[in-house]
Every structure is written in C-alpha cells, then in structure tokens.
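Participant: Fold the stuff below for me.
(one chain, ligands or ions: 1)
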Amino acid sequence: MGTCRLLDELVRRDAQSRYEITVFGEERGGAYNRILLGKVLAGEAPDSIVTKTPEWYDAHGIRLTSSTQVKRLDTRRKVVETADGQSRRYDIAVLATGSQPLVPPLEGMLGEDGELRPGVFVYRTIGDCIRMREYVRPGDSAVVLGGGLLGLESAKVLSDLGLHVTVVQSAKILMNAQLDEIGGEMLARQIERSGIFARLGRTVEAVYGEERVGGVVLDDGTSLPADLVVLACGVRPRVDAARASGLPVNKGILVNDTLATEVPGVYAFGECAEHRGKTYGIVAPVWEQAAVLADVLSGTNPQDRYRGSKLYTRLKVAGVDVAAMGTLEPELETDQVVQIVEERRDAYRKLIIRDERLVGAMLVGNTAATATLVQLFDRGDKIPEDPLELLCQLRESAPSGARIVCNCHKVSEGALREAIAAGADSMPALCDATKAGTGCGSCKGELAQLINSQPKKPNPLQLLAAG
Ligand SMILES: Cc1cc2nc3c(=O)[nH]c(=O)nc-3n(C[C@H](O)[C@H](O)[C@H](O)COP(=O)(O)OP(=O)(O)OC[C@H]3O[C@@H](n4cnc5c(N)ncnc54)[C@H](O)[C@@H]3O)c2cc1C
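Facilitator: The predicted structure follows:
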C-alpha cells in the first residue's frame, strides 16, 4: 500500500521526468487495498480491491516486476538482486517491504515439511484469503488467535460464512491496544451478540490433529475443536532483504526524518521502517511518509521532513463502530477523564484531557463525534471549558467545512462539497476525485449522506429533455 501511494505522489510531482521507475513486488499483480482483504475472504473477486492495474503502470511508464522477491541490494555496486537471479542497477532504492504476521512457536503448529500445518492460516495477503476461502465450509469451526483488529475482522467474515468461530485473546479485553476495560467489555458484548465466542485472558498452548488441524489446547487445559486456525497475533516489520543488504536494522529498518537509511541512496518507509524508535501498523503514517519521501526524491521540496505521526484509528470492527486516538488512560495526576457509559446500548465515550487539550479519546458504538475529536487531537487545539458539553454539542453542531471526513486521506467536508458541486455527485466519482473513501472505507456512509444532502448540479441534457 505504501508503494502504491508513493507512486501516486511521485507521478503527481512528475518524477518520471527525472527517474526511470521500477517496482519489484513479491505478490502477484499490481497494488491492492490490503485494508479491504475481508471482502476477498468473504468471496469477492480479488480484482475488486486492486488499486493499480498493469495498464496503470504501463500508462505511467513505470515497470512492474511482480511475483518477484528481492533477495538483497548490493549497496556498493548499487544493484538489486532478486531471488530468481535477476539483477538491476539503481540510483535510488526504496524499501517498502511491509510487515509479516507473527507465527507463535506452538507445539503442533507446523507440519512435517516445516510449513504451517494444513488448516492453519495467516491473514495478510490476497493469496492467504483465497487459500482460506477454498479450505472452509459452512458448519466448520474456526479458532482465531488474537482479539485485535485483524482477529475480529477475520472472525466476523468467517462467522458470516457460516462457521462456528471462537476468538482466543491473551489479554483480558478485546482490542487492548486501542480500548480500556470498559470499551473492551462493550465491544466483547456486541461481538458475542453477533454470534462469535470470545475466550479472554486465555492463550493457546498447542495445536493438535492428524495431518490437518483438529483443534487447539488452551492454557487451562481445555481443548477447542477446530477445522481452521487463524493466526492474528500481531505483525513484525519485514526486514529480511534489508538485513541481507547490510542495512542498519533494529525492530524495523532504521530511517531518519527524510526516510533515508544510513546507506547513501537507500530509503525505507511504511511498516518495515523504524523512525525515532517507532514502527507503525496502520496505513495513515505510511501515507504521510510517502508524501515526504516523494517531496524529497522528486526535488519538489527537498527540505520536507517526516516528524512522526499522531495515531488515530476509526474502524468498523465486526460490525461495531470503534474510534480511538492517543493515550488509553490518564498518565498524569492532573489529567482529566470524561466518560459516558450507555450500558443498555453498549456504547461508550471517553476523553482524556491535559492542559485543556485532548490527549486521548475512545468511542465504541457511538462514533458520531470522531471527526471533530480527531481534529482537536491532531491540531492540539484548546477544548471548551466543559468537555462533557463539548462531547454532546459535537453531535448536534453544524458540521464545519474544515471538518475532516476521510481520515485516511485527510479530506475535509469542504473539499468534498466542492467536488460534489463540481459534478462528482456519485460515490465512484467522488472517491475518484478526492480519494475519500478509498482507504479503510469507513467514511463511505458519510460520503453518501453528503452526496444526498447537496443540491445536484443540473445536468444540461436533463434540462433539454425537460424543456
Ligand atoms: C486484513 C488487514 C486489514 C487491515 N485493516 C486496516 C485498517 O482498517 N486500517 C488501517 O489503517 N490499516 C489496516 N491494515 C494495515 C495496512 O494494510 C498496512 O498498514 C499497510 O498495508 C502497510 O503498507 P506497507 O506498504 O508498509 O506494507 P504492505 O502493504 O504489506 O506491502 C508490502 C509489500 O512488499 C512485499 N515484499 C516484502 N518483502 C519483499 C521482497 N523482499 N521483495 C519483493 N516484495 C516484497 C510484500 O509481499 C507486500 O506486497 C490492515 C492490514 C490487514 C492485513
């Protein structure tokens, strides 16, 4: 996804006049929206999530070498070496190798060939989804290891396919990286109500079965029968090619504020990169990095710098709206916490305020205030004196043009209204014109509302017909 965005940013800055660009990708075909993999797991054609077709690369004079793994860079000779024996000279190399799923070293996880035992799957690529989809049948049972975003998303898709699904989560709450105890409990109740079982505070100790998976054993000794085991226990940066090239690597490939590694001519960004001690696991920072890198490499703004990202997530987890940003809990004695708990609706809103500024927020089940909270959090603006009132007013307040609707692409309501007024008054046209809705897609409901609420530009053909 990072490379896809970098290419867009480079093309926008006419970088092809300066560089001949080649993309090496281990996966088949061009770029796709990984965030929408759930659709492929649910049965949609992989093409439905493709963001760059081979024609796009051709049309922009960019060479795509797909199904090709880069083994290493010979940084002294400035040559890319691929696993299938190709080599190609470069002036500048950019590594955007992403992350790989963590495979816990559990007894029985691997088959005799050292590969994952049949029936055990990771969830990262189109290939993973197709293999999983071909394997499952309605009525099968699945155990998902991990109650974070990916675990819950895969659980929901499998449950909708007719499987009996249990999520096993070592933490006592679901999505513990984004939610506190109350938020996690609200989410768990809604998840269980949707037909998915959750075993919280439990770990899987072993996988059993003959040739294929038959089930898992938990740390309390109970066993859960399973035809399918999905590993969603986290990711770690993919640094194999960087290591083989002798680049400095810690958790991720070490980069500075220009996204450069210590080796001249070699850059890294996205989930594989470590910047100021941080690696990221969501797409917004990857896109911010891509914009800076394009500025630097194209020469459009060589002084642009990446200073780190403020993280916020807005997701639909297994049908439940969740938004989270900043810190989960108060960190200083003077931090102020405002909570609204709606037990009957399993809805929860929480703000953490420091020095009259928002340093954290989480919303479960009722996310209407997200866009305004993100704006306050992102800009560090002062919040009104009575924060509770603020939270309530936000739901009713008239939306302002500067309000960000698409958080992935930072598209404001004003920009969307302008695009609609200029004729982009259908969902595909609006997404195309503004990029809004093409990230995680969670803002599409709001886009539809904006399209419907705005008076349409009269179509001259319709006027003629009417006349
Ligand atoms: C199922 C799923 C749902 C997600 N949902 C969300 C969401 O709702 N919101 C959100 O913000 N984020 C989400 N994410 C995370 C988001 O997809 C990532 O943040 C984003 O893809 C990272 O982009 P990247 O370019 O760094 O890595 P990737 O998109 O992983 O791309 C890296 C590419 O490099 C290739 N590669 C690696 N090594 C080599 C090599 N040596 N040679 C050639 N090619 C190589 C890989 O095969 C891969 O195609 C989700 C992820 C998954 C898996």
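
Participant: what kind of secondary structure is whatever residue of the stretch 351-467 of the chain ends up closest to the ligand in?
Facilitator: Per C-beta to the nearest ligand atom, the residue of the stretch 351-467 of the chain with the smallest distance to the ligand is residue 440, at 4.1 Å. Placement of C-beta: from N, CA and C, glycine included. Of the three states, residue 440 takes coil according to DSSP: H, G, I helix; E, B strand; the rest coil.

Participant: What's the per-residue pLDDT of it here?
Facilitator: Turning to residue 440, the model gives it a pLDDT of 75.

Participant: now check stretch 90-101, is it near the ligand?
Facilitator: Yes - judged by C-beta under 6 Å from any ligand atom, stretch 90-101 and the ligand are in contact via 96-99.

Participant: neighbour-wise, which of these leads?
Facilitator: residue 96 (26 neighbours; other C-beta atoms under 10 Å).

Participant: Do I have it right that that one meets residue 259?
Facilitator: No - applying C-beta atoms under 8 Å, one finds residue 96 not in contact with residue 259, separated by 10.0 Å.

Participant: Which residue comes closest to residue 80 once chain neighbours are left out?
Facilitator: Using C-beta to C-beta, 6 or more residues apart in numbering and skipping residues adjacent in sequence, the residue nearest residue 80 is residue 88, 4.9 Å away.

Participant: Also residue 341?
Facilitator: Taking C-beta to C-beta, 6+ apart, and ignoring the residues beside it in sequence, residue 341 has residue 348 as its nearest neighbour in space, at 5.6 Å.

Participant: and the one you found, that's in a strand?
Facilitator: Yes - remark: residue 348 belongs to a strand, assigned using three-state DSSP.

Participant: count of residues packed around it?
Facilitator: Counted with other C-beta under 10 Å, the burial measure for residue 348 works out to 24 neighbours.

Participant: cool, residue 182 as well?
Facilitator: Here the count is done by other C-beta under 10 Å, and residue 182 has 16 residues near it.

Participant: on that earlier part again, give the contact list for the residue nearest to residue 80.
Facilitator: Under the criterion of C-beta atoms under 8 Å, 6 or more residues apart in numbering, the neighbours of residue 88 are 22, 79-80, 82.

Participant: May I have the secondary structure class of it?
Facilitator: Look at residue 88: counting by three-state DSSP, its state is strand.

Participant: so what sits against both of residue 96 and residue 259?
Facilitator: What both residue 96 and residue 259 touch, as defined by C-beta under 8 Å, 6+ apart, is the set 268-269.

Participant: Tell me the residue of the stretch 151-300 of the chain that sits nearest the ligand?
Facilitator: For the stretch 151-300 of the chain, the residue closest to the ligand is residue 270, as judged by C-beta to the nearest ligand atom, at 2.5 Å.

Participant: How about residue 102, nearest residue that isn't a chain neighbour?
Facilitator: Across the structure, with C-beta to C-beta, 6+ apart as the measure, the residue nearest residue 102 apart from its sequence neighbours is residue 234 (4.5 Å).

Participant: tell me the pLDDT at the closest residue to residue 370 other than its chain neighbours?
Facilitator: For residue 370, ignoring the flanking residues on the chain, the nearest one in space by C-beta to C-beta, 6+ apart is residue 323 at 4.3 Å. Residue 323 is assigned a predicted lDDT (pLDDT) of 90.
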